[in-house]
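Asks: what follows is a predicted structure for the sequence shown.
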Amino acid sequence: MIDERLSDDAFLEDPFERAYTTSLLDADPIEPLTRAAPRDGQAFALHGCVITPEERFDNGYVVVHGPVIDSVGTQTPDAGVLVIETDGVILPGLIDLHGHPEYNIFAAWEPPKRYNNRYQWRRSDEYQAIVRDPWNTLTGENSLLRSLMRYAEVRALVGGTTAIQGSSGLFQTSSEALVRNVDRRIFGQHRARSVIDLGRLAPDDAARLTRQIDEGDVNAVYIHLAEGIDDSSRAEFDKLVDRGLLTSATIIIHGTALTRDQLAEVRDAGAKLVWSPQSNLRLYGQTTLAADAIELGVPVGLGADWLPSGSPNLMAELKVAQRVLAQQGSDAGAKQLVGMVTSGAAEIAGLGDRLGVLAPGRVADILVLERRLDDPWENVLAADPSWIDLVTIGGDLSYGRPDWIRDVAGAAEAETLEPVLAWGKPMLLDTRFAVNRQDDPPPRLSDLRASLIERYPAIGPIFA
């Protein structure tokens, strides 16, 4: 049934459908980048409650020197190191392992009914009107694809996300953009690939993927699979196995229809799972057996999916995941949930040596939250984006309180950043992280918003 739906030429030739379903099978080219930086690379320290995967330092310091973390612990930094008294919770930037950034420019969509699989809503008249037609308008003649990508990445950034998965294979760029793209070129390498529709993956391409995995050139393959609640969705697992793509590099996105026995096969193969409960529940009324996956020992990460049906940010998705796991009988606690968007997520992405943990030598991708609860992990789960005080990416002051940014970067540098009012909280935003030279200087959020609204007035707000 799925293949018959996908054989409709008119459906497949729609520009939106081509963009949405284009797999990412080839390595990105190498391009020169420019980037912002802290004041002359001067070291600074964040003082507060620092959390690592296993412990907390209530009187902790994270010292940042240039793009990396210099030290983490309770020892007072050396004289001359500027200390920011955060009174907050300091943790790694969040990693969103399933998104479609170029579509996160719309307001949330209310599905008029529940569906059996992803192919049904993708063909609905309502979805055509709410998402497909507007996206085609924005990306047709004089395409605004770059603008909507950066607008969507601003949405991720101000939600505490410093790395995301899922930019379209049609969006050919090697830059790490405003937030890192874990399935594109990152840290000088491109070792991840992604597949949207397994049924449209040609046998030669499947064989090429398995060969790249076997040869060690690819260590992560994100595959949308079994997104639905019917037998046809469940049968996609057999197709995955038949094509030789159930491997230790495989990262199954959704897996909504998978049985416990199938999840055990996922574990046995060393594959992983990325879960997006909010989108599943809104579209299908059911979600993945995440508690079973965790109990079986399958590594599980979280993704906010895309705004039309998912959560506006990973913080909101965490709250849904916490509730659903409790309903499914899981005893997963706050620490484990936070790991699903930090250290555990980095391991799933094959980037566990670079991201997801605050430790010396790691890149300084850091999130600082207001502290309102004694338990710092519970504080993370309770937080919403209005609690964010600072986000750094590679030591760059990407988004934060104006007073802190002035202290670290200097008043002159702070003046070059864009002031935004984030849920009633004055903040500064820097859109310059790792951009292509052809985009230099990058547009500000106000420019992005204006150009998108001029083309399509119903653009979804970021600070809402």
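Replies: Alright, I've got the coordinates.

Asks: right, and residue 408 touches residue 397 too?
Replies: Yes. Judged on C-beta atoms under 8 Å, residue 408 makes contact with residue 397 at a distance of 6.1 Å. In short, each C-beta sits where N, CA and C put it, glycine included.

Asks: settle it for me: which of the two has more neighbours?
Replies: More neighbours surround residue 397 than the other of residue 408 and residue 397, with 28 against 24 (other C-beta atoms under 10 Å).

Asks: and the more buried one, that's in a strand?
Replies: Yes. Under DSSP: H, G, I helix; E, B strand; the rest coil, residue 397 falls within a strand.

Asks: give me the pLDDT value at it.
Replies: Turning to residue 397, the model gives it a pLDDT of 94.

Asks: which parts of the stretch 351-464 of the chain are helices?
Replies: 376-382, 402-409, 411-415, 445-455 (DSSP state H, counting those that start in this stretch).

Asks: mean pLDDT lowest for which of these?
Replies: Note on these: helix 411-415 shows the lowest mean pLDDT, a mean of 92.

Asks: other residues contacting that one?
Replies: 39, 402, 405-406, 428 (C-beta atoms under 8 Å, 6 or more residues apart in numbering).

Asks: ok, stretch 230-246 next?
Replies: 1-2, 116-118, 198-199, 201, 203, 206-207, 209-210, 221, 223, 225-227, 250, 252, 256-259, 262, 265-266, 269, 271.

Asks: could you redo the last one with a cut-off of 7 Å?
Replies: Here stretch 230-246 makes contact (C-beta atoms under 7 Å, 6 or more residues apart in numbering) with 1-2, 116-117, 198, 206, 209-210, 221, 223, 225-227, 256-258, 262, 265, 269, 271.

Asks: any idea how the protein splits into domains?
Replies: 2-30+95-348, 34-92+356-433 (automatic domain parsing).

Asks: mind checking which of those domains is nearest residue 450?
Replies: domain 2-30+95-348 (9.6 Å; C-beta to C-beta).

Asks: from the chain's centroid, how far away is that closest one?
Replies: Taking C-alpha atoms, centre = their mean, to the nearest Å, the mean C-alpha location of domain 2-30+95-348 is offset from the chain mean by 10 Å.

Asks: same thing with stretch 343-355?
Replies: 13 Å.

Asks: can you give me the end-to-end distance of it?
Replies: 7 Å (C-alpha to C-alpha, to the nearest Å).

Asks: likewise stretch 428-442?
Replies: 15 Å.

Asks: equivalent analysis for stretch 449-462, please.
Replies: First-to-last residue span, stretch 449-462, C-alpha to C-alpha: 10 Å.

Asks: quick revisit: in TSV: the helices of the stretch 351-464 of the chain, plus distance to residue 128.
Replies: Converted to TSV, the helices of the stretch 351-464 of the chain look like this (distance: least, C-beta to C-beta, whole Å):
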stretch	distance to residue 128
helix 376-382	37
helix 402-409	43
helix 411-415	45
helix 445-455	18
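
Asks: nearest to residue 24, of those helices?
Replies: helix 445-455 (23.9 Å).

Asks: what is the burial count for the residue nearest to residue 177 when sequence neighbours are not counted?
Replies: Counting by C-beta to C-beta, 6 or more residues apart in numbering, the nearest residue to residue 177 once its immediate chain neighbours are dropped is residue 153, at 5.8 Å. Neighbour count of residue 153, defined by other C-beta under 10 Å: 25.

Asks: what's the spacing between residue 153 and residue 459?
Replies: 15 Å (C-beta to C-beta, to the nearest Å).

Asks: now do residue 291
Replies: On the measure of C-beta to C-beta, residue 291 and residue 459 end up 37 Å apart.

Asks: pull out the buried positions in the host helix or strand of the residue nearest to residue 177.
Replies: Using DSSP states H and E, residue 153 falls within helix 145-157. Neighbour-count burial for helix 145-157, with 16 or more other C-beta atoms under 10 Å as criterion, is recorded at 146-157.

Asks: stretch 77-96 too?
Replies: Those would be 77, 81, 84, 86, 88-96, for stretch 77-96 by 16+ other C-beta under 10 Å.

Asks: likewise stretch 371-389?
Replies: Quick answer for stretch 371-389 (16+ other C-beta under 10 Å): 371, 375-383, 385, 387-389.

Asks: which pair of those spans the longest distance?
Replies: 375 and 385 (20.1 Å).

Asks: chain center to stretch 452-464, what's the gap?
Replies: 21 Å.

Asks: how about the contacts of helix 411-415, which pair is most distant?
Replies: 39 and 402 (15.0 Å).

Asks: quick revisit: can you tell me which of the helices of the stretch 351-464 of the chain comes nearest to residue 105?
Replies: Comparing these by C-beta to C-beta, helix 445-455 comes nearest, at 6.4 Å.

Asks: helix 145-157 and that closest one, what's the angle between them?
Replies: Put simply, helix 445-455 runs at 120 degrees to helix 145-157, going by axes from the mean of the first three to the mean of the last three C-alpha atoms, to 10 degrees.
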